[in-house]
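Asker: My questions concern the predicted model and sequence given below.
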There are 2 protein chains.
Amino acid sequence: MREKIVITGAGLVGSLLSIFLAKRGHQVHIYEKRRDLRTGQVGGGRSINLALSDRGLKALDLVGLKQKALDQVIPMKGRMIHDMDGNLDLQPYGNKGQVINSISREKLNILLMNEAEMNGVLLHFNYKCEEAVLHERKLVLVSPNGEKEKIKADVFIGADGAFSALRGSLQKTDRFNYSQDYLEHGYKELSIPPVNGDFAMDPNALHIWPRKSFMLIALPNLDKTFTCTLFFPFEGSPSFSELDNDKKIRAFFGETFPDAVPLMPDLLKQYNENPTSSLVTVRCYPWVNDRFLLIGDASHAIVPFYGQGMNAGFEDCTVLSEIIDTNEGDWDKILSEFQEVRKKDADAIASLALRNFIEMRDKVADENFLSRKKIEKELHAKYGDRWLPLYSMVTFSDMPYSEALRRAYIQDEIMAEMKGASLNELMESYEGMVS
Amino acid sequence: MREKIVITGAGLVGSLLSIFLAKRGHQVHIYEKRRDLRTGQVGGGRSINLALSDRGLKALDLVGLKQKALDQVIPMKGRMIHDMDGNLDLQPYGNKGQVINSISREKLNILLMNEAEMNGVLLHFNYKCEEAVLHERKLVLVSPNGEKEKIKADVFIGADGAFSALRGSLQKTDRFNYSQDYLEHGYKELSIPPVNGDFAMDPNALHIWPRKSFMLIALPNLDKTFTCTLFFPFEGSPSFSELDNDKKIRAFFGETFPDAVPLMPDLLKQYNENPTSSLVTVRCYPWVNDRFLLIGDASHAIVPFYGQGMNAGFEDCTVLSEIIDTNEGDWDKILSEFQEVRKKDADAIASLALRNFIEMRDKVADENFLSRKKIEKELHAKYGDRWLPLYSMVTFSDMPYSEALRRAYIQDEIMAEMKGASLNELMESYEGMVS
C-alpha cells in the first residue's frame, strides 16, 4: 500500500530513511528547516567530517549506495597517538583491512539527497516544524514565506536531530521520559592545511593527542587538509574560559601540542573565530506516539567519541526497514516494535560513547590499556569472533550495541579478576558467562 | 536595599518564600496562573493532603506561622499496616511524641497567601508566565485579559511547580541539564467518609495497604474523612488499564483491600470519575541563570513517597534565607551559592523518595525489614542521635538530605555485613565510617 510519509529533517538520517521508504513505493516528503545545502554553504556548528564504519556501510549497501560513499572516504586504519614530545605510535583499530572511513558530512548528505530525489522523494526546504497535532495526525509547518501550513500524513518521522522540534511536541504529552545531559567539555574545530600540496601527516589514521582530561584529534579530508577538534573543559584549569587571550592560547598549544602547532599557521585566528560548541546526550522514551516516530539523534543523540552517531542513525534505518518487511502495512505494529527492539541499543551506544571519551583522552596512553590490547589481540587471533575486543564489536560488527556492552562488562570483569591467567583460562571463563 | 522580586507561582513554596522576602523589606510580586483559590474551589489533580514534618515546620516557624499551621493538622504517629485479612499493625515513625502531620494543601496555601498579603506581598492571579527574556532581565506574562505584559525586576524566582514555565525558558539555553522520569505507577484519589459522625479508622496514623507491587494509603482530614490514594501500575496485571469495567474494579478491591471496601460506599463512582495522574521526578541544573532562580518543585520535583515534597520546598526557603543573611544585597552570590549548596540535597531526597516507594508498598510487610527496625530502635535508644534510623534523619531532623543518604548507605552496608553482630560492634563499625 502506498502511504504518505512525512519526515522532518533532510540531514543524514532523514535523507537515507526517505530512500528506504521511497524504494518501497511510499510517497515521501521531507521538510527541512535550512536551505538546500546543494545551493551553497550552510552554516551549522556540526562537525564537518565523520567516521563511517560497518553499521553505516551496511545501511548504505541496502539502498545501493555503499560504493558511492566509499568513493569519497579516506580510510583510517588506526589511532595515531601523539605524545608530548611529538613521538608517534599507531594503534590499529582491528585486523588488517579493518578501517573506519573519514567522510565529509556535506558530501554524504548531498549524495543521499540526490538519491532520494531520484527515487521520487519530495524535498521541501526552508520549512520549519512548528508542532505536531497528535490527535489529528497533522503537522504544523511554517513555510518559506512565513505562513503556517497544516499537513496530514499516514506516518510522521522526526529525523530532525538532537534538538528535534517534533520531539518538542511529544515531550508535552504525559509520561514522556526525557533527559538532556551536557558534558563539562565543549569542542572547537581547527584546521591543518596541506604542506607542499600533500597531507601534513599520515592521512590513513585518526590522530589523537591524548592529554588525560582533554584531547585534540584530527581526521583527514579529501582536499588534503585535516579537521582538528579540541575537546576541552569549558571551565577550570586548563579550559576554554581560562584561555582568554592570544598569549595564553599560544603558550598552551605550544606546551601541550608541540608537534601540531607548526602545522596550524593560522591557529590564533581560527581559535578566536570558530565557535565553541557543547556536547549533549539526549535520551527519551517513548519514541512513538500514535503514528509519530522519532529516529536518529532526535531520539538518541550521543557524544561523538565512538564515531557512532551517524552509524547508529543509519542502523536505525536498517532495523526499521527489517521490521517493515515482516509487518508490511501494519504501521502501529511497525512503530511500536521498532522502539521496543531499538531502545536498549540506543541506550547502550550512548553509554559506550561516554565511556570512550575517557579511553581516547587518557587510557590510550596508559600501559595497562596497552597490555590489555595485546592480550585481547591474542585472544581474538586464537578464538576468532568468540572473543572480539569491544571496539571491534561496536565498529566492525552489527551485533546489537546492547549485546556488545553486555559482553564488554563480562570481559572487564574477567580481565580484572584473572590477572596473569592463561588465554585458555580467560576464554573458558568468558564462555561460561556469555552463553 | 529594597529590591523588586518577582515570583511565579502562588503555591505553597512561592507563597512562603514571598513572606521571607517581604519581611526583609523587599517589594515582592507573585504572578499565579490560576485564579485565587480563596474565591472558590480550584481544580488541579494535585493531592489534597500532605504530611508536614520537621523541615517544613522549621521554615514556618521562621516566619511565625508554625503554631497556626499546627492548629490545622492531624498528627499521625506511625504507619498503620493493613494486611490482606484486615489485620492491623501500628509501626511508630519515631520516638514517643515524634509525628508527621496531615494537613490540607488548600488550607495551608490560604494561610500562607493571607500572611503574604499582610506583609505587603502583591498577588496577581490569572497571570500566565509566557517566557523569560534572560538578557533583558524581564518576564513576559499574559494578563487576565489576554494581553502580554513585559515586567522588569531585580530578581525572578520560579516557584511554579514541576511543569514550571520559567524553567521552560532556562531549558532553551545551552548546557542546561534536564531530566523528567515518570514512574510506571500512577495514582488515583478516593475518599472514606465519616461513620456515625466520626473517623472510620484511627485518625492518628497513616494507613497503608502494602501489596508488594502497589499500595493503597489513607491520610486523615479535619472533616473526619480520609483521603485514600491508590498507587498502581498504569499497564500490566493488575493495573489501571486492566480494571476497565465495574465488575473488575469491584472484584479487585474486594480481594485486595477487603477491610477498606466497606468504608468506601461510592467506590465505583469515585474510581470512575476521579482522574488517574502520573508521578514524575524532575532534575535539572543549573537552577540559576543571571538573576533567574528555580526553587521547589520547579527545580526538583519528586515522587511523594517520603512525604518530603513540600517539606523540601519549604527547606529551600530556609536555606535561601540563611544565605541571604550572610550575603545581604549581593544577589549574584546569593543565587549561585544557593544552588551550589542545595543541589546535592535535592538529588538526595529525589533518590530517597523513589526508594521509599518500595519500602512502603513491600518492605513494611517484610520480616527482615521489621527485625532491622527493631535493631535500629535499640541502637538509637542506646546511642541516641549517633545512630538515627534513616526515616528519622529525613523526617525528624534538619540534617542535609545528602548527609542522611550518605549515612543510610553506610548503615545498609554495615547491617548487611554484620549480621548477628552485637550493638556495640555495629556502632563501632558505623562510627569508623561516618566520621
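Answerer: Noted; the coordinates are in hand. Every value quoted in this text rests on a predicted model; they were computed, and no experiment measured them.

Asker: Next, give phi and psi for the residue in the stretch 251-400 of chain A that chain B sits nearest to.
Answerer: For the stretch 251-400 of chain A, the residue closest to chain B is A:Ser278, as judged by CB to the nearest CB, at 5.1 Å. Every residue, glycine included, has its C-beta placed from N, CA and C. Main-chain torsions, A:Ser278, degrees, to the nearest 10: phi -100, psi 170.

Asker: Equivalent analysis for A:Phe338, please.
Answerer: phi -60, psi -50.

Asker: Relative to chain B, how far out is A:Ala205?
Answerer: A:Ala205 sits 32 Å away from chain B, going by CB to the nearest CB, to the nearest Å.

Asker: Could you double-check that that residue lies in contact with A:Gln91?
Answerer: No. Using CB atoms under 8 Å, A:Ala205 makes no contact with A:Gln91, being 9.1 Å away.

Asker: Can you check which residues contact both of those two?
Answerer: A:78-80 (CB atoms under 8 Å, 6 or more residues apart in numbering or on different chains).

Asker: wait, what's in contact with A:Arg38?
Answerer: A:110, A:113-114.

Asker: what do you get for A:Ala348?
Answerer: A:400-402, A:404-405.

Asker: How about A:Asn119?
Answerer: If you count contacts by CB under 8 Å, 6+ apart, then A:Asn119 has A:18-19, A:22-23 around it.

Asker: where does the residue of chain A found nearest chain B land in three-state SS?
Answerer: Residue of chain A nearest chain B, by CB to the nearest CB: A:Ser179 (3.6 Å). When classified by DSSP: H, G, I helix; E, B strand; the rest coil, A:Ser179 comes out as strand.

Asker: try the one 4 residues further on
Answerer: Using three-state DSSP, the three-state assignment for A:Leu183 comes out as strand.

Asker: Quick check: it touching A:Val303?
Answerer: Yes. In this structure, A:Leu183 is within contact of A:Val303 by CB under 8 Å, at 6.3 Å.

Asker: Name the residues contacting each of those two.
Answerer: In contact with both A:Leu183 and A:Val303: A:279-281, A:357, using CB under 8 Å, 6+ apart.

Asker: so which two of these are the farthest from each other?
Answerer: Greatest spatial distance among those (CB to CB): A:Val280 and A:Phe357, at 13.2 Å.

Asker: which residues are in contact with both of these two?
Answerer: Contacts common to A:Val280 and A:Phe357, judged by CB under 8 Å, 6+ apart, are A:183, A:303.

Asker: give me the element A:Asp244 is part of.
Answerer: Per DSSP states H and E: A:Asp244 is located in neither a helix nor a strand.

Asker: mind listing what it touches?
Answerer: Applying CB under 8 Å, 6+ apart, no residues contact A:Asp244.

Asker: same thing with the one 5 residues further on?
Answerer: With contact taken as CB under 8 Å, 6+ apart, A:Ile249 is in contact with A:243, A:267-268, A:271-272.

Asker: How about the residues of chain A by chain B?
Answerer: Within chain A, the positions lying close to chain B (CB under 8 Å from any CB of the partner chain) are A:174-182, A:234, A:278.

Asker: let's see 10 Å
Answerer: By CB under 10 Å from any CB of the partner chain, the residues of chain A that approach chain B are A:163, A:171-172, A:174-184, A:186, A:234, A:276-285.

Asker: how far out from the middle of the chain is the strand or helix carrying A:Ser429?
Answerer: For A:Ser429, the host element (DSSP H and E) is helix A:423-434. Remark: helix A:423-434 is offset 32 Å from the chain centroid, using CA atoms, centre = their mean, to the nearest Å.

Asker: Need the contact partners of that helix.
Answerer: Here helix A:423-434 makes contact (CB atoms under 10 Å, 6 or more residues apart in numbering or on different chains) with A:375-376, A:378-379, A:381-383, A:386-387, A:403, A:406-407, A:409-411, A:413-415, A:417-418, A:421-422.

Asker: Now with 6 Å, please.
Answerer: A:378-379, A:382-383, A:410, A:414, A:418 (CB atoms under 6 Å, 6 or more residues apart in numbering or on different chains).

Asker: Output the contacts of A:Ala348 as JSON lines; include the columns secondary structure, pLDDT and neighbour count.
Answerer: JSON lines is the format used below for the contacts of A:Ala348 (DSSP: H, G, I helix; E, B strand; the rest coil; pLDDT from 0 to 100; neighbours: other CB atoms under 10 Å in any protein chain shown):
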{"residue": "A:Pro400", "secondary structure": "coil", "pLDDT": "98", "neighbour count": "18"}
{"residue": "A:Tyr401", "secondary structure": "helix", "pLDDT": "98", "neighbour count": "27"}
{"residue": "A:Ser402", "secondary structure": "helix", "pLDDT": "97", "neighbour count": "18"}
{"residue": "A:Ala404", "secondary structure": "helix", "pLDDT": "96", "neighbour count": "21"}
{"residue": "A:Leu405", "secondary structure": "helix", "pLDDT": "95", "neighbour count": "21"}
